[in-house]
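> dropping the sequence and predicted coords here.
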Amino acid sequence: MICVLLCAGYATRMYPLTENFPKPLLDIKGKTIIDYLIDDLETKKHIDKYVVVSNHKFINHFTNWEKTRKENIVLLDDGSTDNCNRLGAVKDILYAIDKESIKDDILVLAGDNLLDFSLNDFIAFSKSNNSNAIMTYAENDIKRLQRTGVIEIDNSNKVLSFEEKPHNPKSNHAVPPFYIFKKEDLHLISKGIEEGCKVDAPGMFIEWFAKHATIYAWNMTGKRVDIGNLEDYYKIIKSLKVGKK
């Protein structure tokens, strides 16, 4: 399995802290955000290679970071230089697939999230179902549901429907940006782009993807924190417990 880490954003809501520095490399209690994700995955060795997609503005920061790691890591520069000409998450996934000629299952992660549970359990779930997989958690705040992806699932956790940012959510099953795509369905990523699905937010693509492939939803066993602004970041530094297994 290949892990594609999406790290090409510009984190404009966290300026000035991220104006000249990438959010995934911010320090949280002595480690970068992306280090927490990789260190967790390395405990089970499911991942053969990590493909980190950055942008032209921040690629040198990732080059320096990569020297501190021992894993098989490939850094990609998607060529964008600011928030106005960014490719978007879905095109960055396709860029990684094409550039590295990936023909394996892929785990796609947003590089700016912290988790207090192990991603290895998510991978094991996908393997047990031999299927594409997404995560889900119970969210009972209607306003939060209206700002994220929402799914309907059957008794086997097979996804029946997916709707991104629904006005009237059909369930309380919210979906964060962590995905596993089976190698036989990777071609659907380029097809979705060709058919006009939105490329900035990956949830918009998953809404399209769910109509063309089988997906199972894994219930998260803990919490994830999306570091969206400076307040979030400083709060996490003081309080977050990460890496719980």
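Looks like it arrived, so ask away. Numbering: from 1, shown residues only.
> so where do the helices sit in this structure?
33-41, 59-66, 89-99, 119-129, 142-145, 187-194, 202-209, 230-239 (DSSP state H).
> what angle do the second one and helix 33-41 make?
Read it as helix 59-66. Helix 59-66 and helix 33-41 are oriented at 40 degrees to each other (axes from the mean of the first three to the mean of the last three CA atoms, to 10 degrees).
> show me what helix 59-66 is packed against.
strand 49-54, strand 73-77 (3 or more CB pairs under 8 Å, 6 or more residues apart in numbering; DSSP states H and E). C-beta here means a position set from N, CA and C on the backbone, and glycine is covered the same way.
> that one - what's its average pLDDT?
Averaging pLDDT along helix 59-66 gives 97.
> so which bits of that helix are buried?
59, 61, 62, 65 (16 or more other CB atoms under 10 Å).
> got it, and the first one?
Of the residues in helix 33-41, those with enough neighbours to count as buried (16+ other CB under 10 Å) are 33, 34, 35, 36, 37, 38, 40, 41.
> swap in the fourth one?
Judged by neighbour count (16+ other CB under 10 Å), helix 119-129 contains these buried residues: 119, 120, 122, 123, 125, 126, 129.
> which residues are contacting the lowest-mean-pLDDT helix or strand in the chain?
Ranking every helix and strand in the chain by mean pLDDT, DSSP states H and E puts strand 224-226 at the bottom, with a mean of 81. With contacts defined as CB atoms under 8 Å, 6 or more residues apart in numbering, strand 224-226 is touched by 110, 112, 113, 114, 115, 116, 176, 178, 232, 236, 240.
> one more time with 6 Å
Counting contacts by CB atoms under 6 Å, 6 or more residues apart in numbering, the residues outside strand 224-226 that touch it are 113, 114, 115, 176.
> state the pair within these that is farthest apart.
114 and 176 (11.6 Å; CB to CB).
> residue 50 against residue 73, yeah?
Yes. Assessed by CB atoms under 6 Å, residue 50 is found in contact with residue 73 at 4.7 Å.
> more neighbours, the two?
Comparing residue 50 with residue 73 by other CB atoms under 10 Å, the one with more neighbours is residue 50, at 23 against 17.
> returning to what we had before: most tightly packed of the helices and strands packed on helix 59-66?
Most buried of these, by mean neighbour count (mean count of other CB atoms under 10 Å): strand 49-54, with a mean of 23.
> got the angle for that one vs strand 73-77?
Using the same axes, to 10 degrees: strand 49-54 against strand 73-77 is 20 degrees.
> neighbouring contacts of strand 49-54?
Residues contacting strand 49-54 (CB under 6 Å, 6+ apart): 2-8, 62, 71-76, 78, 92, 96, 100.
> separation between the residue lying farthest from the centre of the chain and residue 216?
Distance to the chain centre peaks in the chain at residue 155, reaching 25.5 Å (criterion: CA atoms, centre = their mean). For residue 155, the distance to residue 216 equals 12 Å [CB to CB, to the nearest Å].
> coming back round to it: for residue 167, find the nearest of the helices and strands packed on helix 59-66.
strand 49-54 (31.8 Å).
> so for the closest one, what's the average pLDDT?
On average, strand 49-54 scores 97.
> quick check: residue 70 vs residue 47, distance?
Residue 70 is 13 Å from residue 47, by CB to CB.
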